[in-house]
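> sequence plus predicted model, see below.
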Amino acid sequence: MDKISAEKQSREAKKERKEEAHVKFEARREQNRRRQVYERRRCTRQMSSYVWEKDDRTTPHPLIVVKQWIFEHTLEDNSIIVENFSRKNCGKRDHCDGGIVSYDIKFIGRNIMNYFGKGKMEVEIEVKGIPKGFFVVLCSVQEEFISQDPHISLLPHDCSENDFILLSVCASNTTSIDHISVNDWDNNAEFLRLCKTKTSTVKNGTNHHYGSFGYCFSFGLRNNYGLDTSGRYSYTSYANDEDIELQPVKQYLSKNLLLVYQTFDKIIAGISGKLQDIGKTLKFLSNNHEMLDIGENDSYASPLTVHININAGTQDLHCEKDVSYTIIHVPPQISVESYIIFQFQINEYVAINLKCDPGCCFAYTAYCMTHRQLGVHGDNCMNISTYIGKRVFNSFKQSFWRKREEDYVKVKSWMTFS
């Protein structure tokens, strides 16, 4: 009987310990959830300050901070760390031009090391062949180049001297936690549909946007070189966005981007909400100030602007003063052997060429990494890209201030005559 009683007491004690551990786990999870909510709100307020400053030169470029413990536990073997940044020829083309950035390689993780042969000028990385299926490019938060740039803002702002800044993250294959199903892209049929309903924004045969070529069909917000009929807003939507024939395409884009965000979050938890953090700020200000509606307030899968690029590339290496990370995804497609080659130039001696097969996705800071889309393969090969450009941000900012000043005049007039 004593043995049976002892076993019963042991089971009850074990059950109590298990319940106590579960309560503590739930408390920690709730604490983390509240901290994440606070962090998102704080970051939104932090980005709002750039809109409230009337000076057009103070455009933000948020960069994500990666904590040291995350690097040591999950990223180190699949990382490249760079240092000694320098920038030249900034603003030579126009006010959005970021010039050319160069840096030295300080560290290469063991899962990436085999790609860097001695004396190699161009390092060819086939993303699908990387162990663990991803790699990141980082630099130290102490990098002087970062701290002295007035455009750069860190997310979160409070960080330790041993933390890192995310310059790029690349995944070999998109994976879903919600079992999202997306059909393969029909390269020829969808290309014909887009040609019929949209106009490509690429001006082939010119020096348009660093020598871009191919086709780019854009959706969402764009800057407007004039004002709308109200005389307030200098931004608008791309033509035919609401065409009924294009609604399946827009749903396709949203599903693919949701897959991309979930994939990035599996590599570094929580980064999907920060890659285009300024977009949430603009949506928040838009809704609160009754301006032109620019989308849902907190939906990562419906960013401000999305582009479908077909047979597209860029001739010139460059950086751009965007206000967010650029995200690129090569979705599964019917065309056989479709892939793109995307190049990051480290310095004048070393460049990394990424071979991105269908399923591959990556994000990078176009302001701090010299880049170009070097090549495209396959019949009407397609990729999806999204970013928030400086022109769109400035157009929103100017519209925001016009609306505020108009409201101020109305209030002042009301007070005078009341």
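All right, it came through fine. Residues are numbered from 1 along each chain as shown.
> which elements pack onto the helix or strand hosting F191?
For F191, the host element (DSSP states H and E) is helix 187-197. For helix 187-197, the elements it packs on are strand 212-223, helix 247-267, strand 305-314, strand 382-386, judged by 3 or more C-beta pairs under 8 Å, 6 or more residues apart in numbering; DSSP states H and E. The C-beta positions use only the backbone N, C-alpha and C, and glycine is treated the same way.
> now these in a markdown table, with mean neighbour count?
A markdown table is the format used below for the helices and strands packed on helix 187-197 (neighbours: other C-beta atoms under 10 Å):
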| stretch | mean neighbour count |
| --- | --- |
| strand 212-223 | 21 |
| helix 247-267 | 19 |
| strand 305-314 | 21 |
| strand 382-386 | 23 |
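> what's the closest of those to Q398?
Across the helices and strands packed on helix 187-197, Q398 has its closest neighbour in strand 212-223 (9.5 Å, C-beta to C-beta).
> so what strands line up beside that closest one?
Strand 212-223 sits in its sheet next to strand 235-237 (antiparallel), strand 305-314 (antiparallel), going by DSSP bridges.
> that strand relative to helix 187-197, how many degrees between them?
If you take axes from the mean of the first three to the mean of the last three C-alpha atoms, to 10 degrees, strand 212-223 sits at 50 degrees to helix 187-197.
> tell me what angle strand 212-223 forms with strand 382-386.
On the basis of the same axes, to 10 degrees, strand 212-223 is oriented at 30 degrees to strand 382-386.
> list the contacts of strand 212-223.
The contact list for strand 212-223 (C-beta atoms under 8 Å, 6 or more residues apart in numbering) reads 191, 194-195, 198, 200-204, 234-238, 241, 246, 249-250, 253, 294-295, 303-315, 376, 389, 391-392, 394-395.
> CA atoms of that strand as PDB?
Backbone C-alpha positions of strand 212-223 (Å, rounded to 0.1, in the frame of the first residue of the first chain) are rendered in PDB as follows:
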ATOM      1  CA  SER A 212      16.700  48.100 -66.700                       C
ATOM      2  CA  PHE A 213      15.300  45.800 -69.400                       C
ATOM      3  CA  GLY A 214      12.400  43.400 -69.800                       C
ATOM      4  CA  TYR A 215       8.900  44.000 -68.400                       C
ATOM      5  CA  CYS A 216       7.700  45.300 -65.100                       C
ATOM      6  CA  PHE A 217       4.000  45.300 -64.200                       C
ATOM      7  CA  SER A 218       3.300  47.300 -61.100                       C
ATOM      8  CA  PHE A 219       0.400  47.200 -58.500                       C
ATOM      9  CA  GLY A 220      -0.400  49.500 -55.600                       C
ATOM     10  CA  LEU A 221       0.900  53.000 -54.700                       C
ATOM     11  CA  ARG A 222       3.000  55.200 -56.800                       C
ATOM     12  CA  ASN A 223       4.100  58.800 -56.800                       C
END
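> which pLDDT value goes with R87?
With respect to pLDDT, R87 scores 93.
> kindly report the same for K3.
On the pLDDT scale, K3 gets 64.
> got it, and R40?
pLDDT for R40: 49.
> and what of S172?
Value listed for S172 in the pLDDT field: 93.
> and the one 5 residues further on, by the same measure?
If you check I177, the pLDDT there is 66.
> partners of the stretch of helix or strand N84 belongs to in the sheet?
Following DSSP H and E, the helix or strand that holds N84 is strand 79-88. Next to strand 79-88 in the sheet, as set by DSSP bridges, lie strand 97-108 (antiparallel), strand 134-140 (parallel).
> with mean pLDDT added, can I get these in JSON lines?
What follows is the strands paired with strand 79-88, written out as JSON lines (pLDDT from 0 to 100):
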{"stretch": "strand 97-108", "mean pLDDT": "93"}
{"stretch": "strand 134-140", "mean pLDDT": "96"}
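> and those strands, which is most packed in?
When you average the neighbours per residue for each of the strands paired with strand 79-88 (mean count of other C-beta atoms under 10 Å), strand 134-140 leads with a mean of 23.
> show me the shaky parts of the stretch 51-200 of the chain.
Within the stretch 51-200 of the chain, the ranges that satisfy pLDDT under 70 run 54-58, 91-93, 118-120, 176-179.
> ranges for the strands of it?
61-66, 79-88, 97-108, 122-126, 134-140, 152-155, 164-171 (DSSP state E, counting those that start in this stretch).
> with distance to C360 added, can I get those strands in CSV?
Output for the strands of the stretch 51-200 of the chain, formatted as CSV (distance: least, C-beta to C-beta, whole Å):
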stretch, distance to C360
strand 61-66, 20
strand 79-88, 17
strand 97-108, 20
strand 122-126, 10
strand 134-140, 10
strand 152-155, 25
strand 164-171, 7
